[in-house]
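K.L.:
please work out how this folds:
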Amino acid sequence: MAPRTTRSVSRAARLAEAVATGPLGALSHDELGVIFDGLADPLQPELAVALSSTCLGLRTPLRAALQVLKGRHGRAKALCRKLGGCCAGMRLASVLVREEEDVTAYDMATIGMVLRTNGLPQLVKVRLNECSFGDAGMLALFEGMGHGAAPSLTKVSLNCNDIGPAGAEALAAALRRGAMPNLQGLFIGDNPLGDAGAAALATHLRKLPGLCMLELDNSGIGDEGVASLLDNLGKDDFKNLKQLWLDGSDEGTMTSKGLATLVSVLNSGAMPKLEELILSRDGGEEEEALAEAGRARNVTITFWDRWE
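P.N.:
Presented below is the predicted three-dimensional model:
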């Protein structure tokens, strides 16, 4: 009988060890989940794993979360390899750059996942130009991205990626939820945004307090899109915008009506910090009127021919 008693005592001891003790033991599974999520960096999962190892009693409630983190870490490692780096290096990166047509919607989803889950804490600039990920990539990148995501990010460049109205709406939804609160520059030209894309972005871009550079040229934005962006601006709309790129009349989109909107905006004193308005191609009386309005406001109006 003695050996059986010993085994029973040993089993009881192991069970006792499996109960979380101290402050962590008093927390509910939901509360533990909040702490775990705060540590669950897919580029640096060690802290979250260490939390689950502090005592056996945490392993069961955190088992599912650990499996999710394991999968995310695997995706992050694969992305780092594709970008020619490692997780440790990527986590410390201030710039994320890729300008090749091999960025898939899955890659964009992985980047979005990393941004949503505490990764890339020092990221300042994203430049993903000419990657051709389209609306699917935008939807994947911004899905679920909300309040406080990417707080250090100040510049986003997504030129030449076949982004249409659906992609613009995905970006607008992320801004509406409070993502990228410190964005200063958005470069999203050479995409088929159209008037619908401009309308989707307008409300949320107007209210970004730090936005000082906005590039929307060669994006099929016509008179209606210009009106969505710039009609009836309030005193806090685009209050820090310094540079604005838009299509010009040579693109077959903006007409004299759109140019008249720009003249009216300048004459109204809106966008008080505007320094430069860049339009493609000079030509026509309407554009001369715009240049005159710019001179009155000390705003440089730059016309250029993109085909030269």
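
K.L.:
C-alpha from now on. contacts and neighbour counts both.
P.N.:
Noted.

K.L.:
relative to K155, how far out is R63?
P.N.:
Using Cα to Cα, to the nearest Å, R63 is found at 37 Å from K155.

K.L.:
what residues does stretch 130-148 touch?
P.N.:
98-106, 108-113, 116, 158-168, 170-171, 174-181 (Cα atoms under 8 Å, 6 or more residues apart in numbering).

K.L.:
circling back: between R63 and K155, who's got more neighbours?
P.N.:
Using other Cα atoms under 10 Å, the more surrounded residue of R63 and K155 is K155, with 20 against 12.

K.L.:
quick one: residues contacting that one.
P.N.:
V124, K125, V126, L183, Q184, G185, L186, F187.

K.L.:
partner residues bridging it?
P.N.:
K125, G185 (DSSP bridges).

K.L.:
tell me which stretches of the stretch 1-150 of the chain form strands.
P.N.:
Ranges of strands in the stretch 1-150 of the chain, per DSSP state E, counting those that start in this stretch, are 95-97, 125-127.

K.L.:
return the most buried member of the ones you listed.
P.N.:
strand 125-127 (a mean of 18; mean count of other Cα atoms under 10 Å).

K.L.:
which neighbouring elements make contact with that strand?
P.N.:
strand 95-97, strand 155-157 (3 or more Cα pairs under 8 Å, 6 or more residues apart in numbering; DSSP states H and E).

K.L.:
now that strand: average pLDDT?
P.N.:
Strand 125-127 shows a mean pLDDT of 96.

K.L.:
give me the contact list for it.
P.N.:
By Cα under 8 Å, 6+ apart, the list of residues contacting strand 125-127 reads S94, V95, L96, V97, R98, E99, L153, T154, K155, V156, S157, L158.

K.L.:
which one of those residues sits closest to A199?
P.N.:
Nearest to A199 among the contacts of strand 125-127: L158, at 18.0 Å, using Cα to Cα.

K.L.:
now do that closest one, the pLDDT please.
P.N.:
For L158, pLDDT reads 98.

K.L.:
wait, doesn't it sit right on L193?
P.N.:
No - using Cα atoms under 8 Å as the test, L158 is too far from L193 to be in contact (12.0 Å).

K.L.:
so between these two, which is more surrounded?
P.N.:
L193 (28 against 24).

K.L.:
excluding chain neighbours, what is closest to that one?
P.N.:
G164 (4.4 Å; Cα to Cα, 6 or more residues apart in numbering).

K.L.:
so where's the protein shaky on pLDDT?
P.N.:
1-37, 52-61, 248-252, 281-284, 305-308 (pLDDT under 70).

K.L.:
any idea how it splits into domains?
P.N.:
1-83, 84-304 (automatic domain parsing).

K.L.:
tell me which of the ones you listed is the most buried.
P.N.:
Note that of the domains of the chain, domain 84-304 is the most buried (mean count of other Cα under 10 Å), with a mean of 20.

K.L.:
so what would you say the end-to-end distance of that one is?
P.N.:
End-to-end for domain 84-304, by Cα to Cα: 37 Å.

K.L.:
run the chain-centre distance for it.
P.N.:
11 Å (Cα atoms, centre = their mean, to the nearest Å).

K.L.:
related to what we said a few turns ago, now render the contacts of K155 as a markdown table, adding distance to C80.
P.N.:
Below are those laid out as a markdown table (distance: Cα to Cα, whole Å):
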| residue | distance to C80 |
| --- | --- |
| V124 | 18 |
| K125 | 17 |
| V126 | 15 |
| L183 | 24 |
| Q184 | 26 |
| G185 | 25 |
| L186 | 24 |
| F187 | 24 |
